[in-house]
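Undergrad: Prediction below, plus the sequence it came from.
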Amino acid sequence: MSPLMPQSDLHHELDQLMEAAGDAVFRLDPAGRIVHASLRALRRFGQGRPLDGIALSTLGVDADQPQIEDAIAAAGAADQALISVRLQEPGGAPWFELRISRFTGPGGGAELLAVGRDI
């Protein structure tokens, strides 16, 4: 936590950045489980249910799930990974460029940020 900003303000700023960053943005724990999803990601992939706690890879089509898992592992080890995968939503499975980066979360622990751009 920043000594200059209360944690609630950090969460609010991070939420705002997530909304501006891409078509679908996810904060992940180091194992690839969703900690928080942007509102746009929830609308596209949540289908009325929360996404917190599920593995990001499960949003991918079956054939792309291993690639998502490998990218999560690579980002955790090397700071960043970039892949193109199909993510499942109610109307189909559009292609997304998914950039996964390691960062220090608001609580001070390691997290991953997955920024998806519909391509």
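TA: That came through fine.

Undergrad: need the next SSE after the worst-scoring helix or strand of the chain on mean pLDDT, C-terminal direction.
TA: Ranked by mean pLDDT, DSSP states H and E, the weakest helix or strand in the chain is helix 7-21, scoring a mean of 57. Counting by DSSP states H and E, the element after helix 7-21 in chain order, helix or strand, is strand 24-28.

Undergrad: Using PDB, write out the CA atom coordinates for that following strand.
TA: Listed next in PDB are the C-alpha coordinates belonging to strand 24-28 (Å, rounded to 0.1, in the frame of the first residue of the first chain):
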ATOM      1  CA  ALA A  24     -11.700  -6.800 -21.100                       C
ATOM      2  CA  VAL A  25      -9.300  -6.400 -18.200                       C
ATOM      3  CA  PHE A  26      -8.700  -8.900 -15.400                       C
ATOM      4  CA  ARG A  27      -6.500  -8.800 -12.300                       C
ATOM      5  CA  LEU A  28      -5.300 -12.300 -11.600                       C
END
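
Undergrad: Quick one: residues in contact with the helix or strand following it.
TA: Per DSSP H and E, strand 24-28 leads on to strand 34-37 as the next helix or strand towards the C-terminus. Strand 34-37 is contacted by residues 15, 18, 24-29, 45-46, 51-56, 105, 111 when judged by CB atoms under 8 Å, 6 or more residues apart in numbering. Glycine gets a C-beta too; all of them are placed from N, C-alpha and C.

Undergrad: which among those end up buried?
TA: The neighbour-count criterion (16 or more other CB atoms under 10 Å) marks 15, 18, 24-29, 45-46, 51, 54-56, 105, 111 among the contacts of strand 34-37 as buried.
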